[in-house]
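Student: Could you look at this predicted model? Sequence included:
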Amino acid sequence: MHSMEKYFDVSYIWNSLPILLPFLKVTFMVAGLSIIFGTFLGLILAVMKLSKSKPARKFANFYTTILRCTPSIVLLFLVYYGVPALADNFGLYLHDLNTAVFVVITFTLQFAAIMSEVIRSAFESIEKGQFEAAVSVGLSPFQAYRRIIFPQALVVALPNFGNGLIALLQEGSLAYTIGLIDIVGKANLIIAANYNTHALEIFIALAIVYWVISILIEKFFGKLEKVFSKGKQTINTN
Amino acid sequence: MKKYFKLAAIGLTSITILAACSSGKASTTSEDGDVRKVKVAYDMASKPISWLDDDGNATGYDVEVMKLVDELLPEYEFEYVGTTSDDLLIGVEQGKFQVGVKNAFWTEERTEKFIFPKDFLGLSSAGLVLKKENEHINSLEDFAAAGYSLAPIAANNAQYTVIDEYNKANPDNPVKLDAGDAFTVDVVQWVNEGRVDGGVIIEGPFQKQVLDESGPYYNLKDEVVYNEFAVIKTWPLFNKKEQDFANAYDKAIKQLQEEKKTNELSTEFYGRDLFEVFDKVER
């Protein structure tokens, strides 16, 4: 413990926080775009999984299995090196693309796989009978989905969506490996500026940021779930 | 982490095969055709050798020498790309970057993946960080004989190779060598903490961490010592297809060494002109 005091310096934690925080912008931008594109792609995959077409179901399930079996860092390197290399074959020069683009592609592909399962399971959790009942009282199939199935499926999907979001944010920390300067990248640069010393303090500061964000997201989705479940209970009591 | 990189390497191999099927033309020539744009990758977290400073500029010994090389090569335009050590090695090998600088040592294994030019980029003093009471340990032989433990070194870090080569040459008195999964560990801290008896470090960072009055570990200056065991040449690593570029570099670096520019930069960034001890250099 005596020697510990000689190098552990709490002030490094507090001093690094204001330097780190502006770089959340990059972290959020990358995560946000991945969520938007990933959810959209995930929706398409979920539709394929729920469709009657066997090839579509096969493809979507195959995609999900492969993506879920690929570690994030491997996928990141495959996209970062593979996409420009493949594009070269088509005469496209992509080596000047911003690193962030490759990070967004990687996490879009990954988030889509997660979301396709979240959406599929949410829809399947709603009894088929409800759809049939809705259609039988005169709603069009689209109306039945929008008014009856979707609001209920959303409540089922929300916690899993929130978990996926937190996971994505954490996996995003790998992006520094290919040189993206997000909040993790900046933390590494701060450590480098200190000649690779006081890494523990800087990483504690980084952990604090991640803890706060994750807790906020968790709380937000908890609230959201309550708000949306309320509607569901009204239907039940009616 | 390590095994992930292995997996990544497998994936890369397949991509390389794919890439090999392509036209094979490096499409890095700029539009006017005279000046060729090349990507120079550097480790952005290796101060004072190379780093990305607070203003967002690439600097450090390795980077500044490359900037001078660029000035002497009007037919090339250098673009500096900051990245991590791991990515730099893969990226230069694959051709994403034409050259990379990261205080790289020569190793047999690396000659299969990269072109080493004829002339080196800089010199690096490698040594052991030890507790003050062990300052009599002046060589790897002494260190091994004492049965001391060494801070782990990542297997793709050439410092690992240096120790490994010593071990192969001295099978009766080997240093206990562990492969770590991080490229660098906070060696001074590990030694001071007593987690290990010693660790390999480059003099430049040690100088700035411990001996410099504004260094973050200046308070440990009486607790730990640095004992040099080798002065080692460092090299820019060129992609296998870049022989012409490597030749152009050789022409420029020769001139810079003659003009003593490399000596000046060594003094500026490492606090010492390592070229003065050039006769001690073994590898």
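Tutor: Structure's in. What do you need?
Student: how about the residues of chain A near chain B?
Tutor: Among all residues of chain A, those adjacent to chain B (criterion: CB under 8 Å from any CB of the partner chain) are A:3-4, A:6-7, A:71, A:73-74, A:77-78, A:81-82, A:84-86, A:88-89, A:93, A:95, A:176-179, A:181, A:188-189, A:191-199. From N, CA and C alone the C-beta is placed, and that goes for glycine too.
Student: Now, of those residues, which are buried?
Tutor: Neighbour-count burial (16 or more other CB atoms under 10 Å in any protein chain shown) applied to the residues of chain A next to chain B gives A:7, A:73-74, A:77-78, A:81-82, A:84-85, A:88, A:95, A:176-179, A:181, A:188-189, A:191-199.
Student: Could you list which of the residues you listed belong to helices?
Tutor: For those, membership in helices holds for A:7, A:73-74, A:77-78, A:81-82, A:84-85, A:88, A:188-189, A:191-193, A:199, with DSSP state H as the criterion.
Student: okay, now the closest residue to residue A:109 other than its chain neighbours: neighbour count?
Tutor: Spatially, and ignoring its direct neighbours in sequence, residue A:109 is nearest to residue A:67 (6.1 Å; CB to CB, 6 or more residues apart in numbering or on different chains). A total of 17 residues lie near residue A:67 under the criterion other CB atoms under 10 Å in any protein chain shown.
Student: Tell me who's in contact with residue A:67.
Tutor: Taking CB atoms under 8 Å, 6 or more residues apart in numbering or on different chains as the definition of contact, the neighbours of residue A:67 are A:75, A:109-110, A:112-113.
Student: Tell me which helix or strand it sits in.
Tutor: Per DSSP states H and E, residue A:67 falls inside helix A:54-68.
Student: secondary structure class for residue A:92?
Tutor: Three-state assignment for residue A:92 (DSSP: H, G, I helix; E, B strand; the rest coil): coil.
Student: Can you list phi and psi of it for me?
Tutor: Here the main-chain torsion angles of residue A:92 (degrees, to the nearest 10) amount to phi -100, psi 130.
Student: tell me, how many neighbours does it end up with?
Tutor: Using other CB under 10 Å, residue A:92 has 12 neighbouring residues.
Student: tell me the contacts of residue B:247?
Tutor: For residue B:247, the residues meeting the contact criterion (CB under 8 Å, 6+ apart) are residue B:117.
Student: nope, residue A:45 is what I was after
Tutor: A:60, A:63-64, A:112-113, A:115-116.
Student: Residue B:36: which of those is nearest?
Tutor: Of all those, the one with the least separation from residue B:36 (CB to CB) is residue A:112, at 38.8 Å.
Student: Give me the local confidence score for the closest one.
Tutor: According to the prediction, residue A:112 has pLDDT 97.
Student: again, but for the one 4 residues further on
Tutor: In this prediction, residue A:116 carries a pLDDT score of 97.
Student: Run through chain A and note the low-pLDDT ranges.
Tutor: A:1-7, A:231-238 (pLDDT under 70).
Student: Just the helices from it, written as ranges.
Tutor: Here chain A has its helices, by DSSP H, at A:2-7, A:11-20, A:24-50, A:54-68, A:72-89, A:99-125, A:128-136, A:141-143, A:150-171, A:183-193, A:199-237.
Student: Quick one: list the elements packing against the shortest one.
Tutor: Pointing back at helix A:141-143 there. When contacts are defined as 3 or more CB pairs under 8 Å, 6 or more residues apart in numbering or on different chains; DSSP states H and E, helix A:141-143 packs onto helix A:128-136.
Student: Give me the buried positions along the helix it packs on.
Tutor: Taking 16+ other CB under 10 Å as the neighbour-count basis, helix A:128-136 is seen to contain the buried residues A:131, A:134.
Student: quick one: that helix to chain centroid distance?
Tutor: Going by CA atoms, centre = their mean, to the nearest Å, the spacing between the C-alpha centre of helix A:128-136 and its chain's C-alpha centre is 33 Å.
Student: Tell me what angle it forms with helix A:99-125.
Tutor: Using axes from the mean of the first three to the mean of the last three CA atoms, to 10 degrees, the inter-axis angle of helix A:128-136 relative to helix A:99-125 is 80 degrees.
Student: Send me helix A:128-136 as CSV with only the CA atoms.
Tutor: Once side chains and other backbone atoms are set aside, the C-alpha atoms of helix A:128-136 remain, and they are given as CSV (Å, rounded to 0.1, in the frame of the first residue of the first chain):
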residue,chain,number,x,y,z
LYS,A,128,-51.7,-14.7,-33.4
GLY,A,129,-55.3,-14.7,-32.2
GLN,A,130,-55.1,-10.9,-31.5
PHE,A,131,-54.2,-10.2,-35.1
GLU,A,132,-57.0,-12.5,-36.3
ALA,A,133,-59.5,-10.9,-33.9
ALA,A,134,-58.5,-7.4,-35.1
VAL,A,135,-58.9,-8.3,-38.7
SER,A,136,-62.2,-10.0,-38.0
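Student: Which strands and helices lie in contact with that helix?
Tutor: Packing contacts for helix A:128-136, counted by 3+ CB pairs under 8 Å, 6+ apart, involve helix A:141-143.
Student: Can you tell me what sits against the helix it packs on?
Tutor: Against helix A:141-143 from outside (CB under 8 Å, 6+ apart): A:131, A:134-135.
Student: Return the distance of the nearest residue to residue A:123 once chain neighbours are set aside relative to chain B.
Tutor: Closest residue to residue A:123 apart from its sequence neighbours, by CB to CB, 6+ apart: residue A:153 at 5.1 Å. Distance, residue A:153 to chain B, by CB to the nearest CB, to the nearest Å: 35 Å.
Student: and residue A:58, how many neighbours?
Tutor: Other residues close to residue A:58 by other CB under 10 Å number 12.
Student: do you know how far it is from residue B:262?
Tutor: From residue A:58 across to residue B:262, the span is 61 Å (CB to CB, to the nearest Å).
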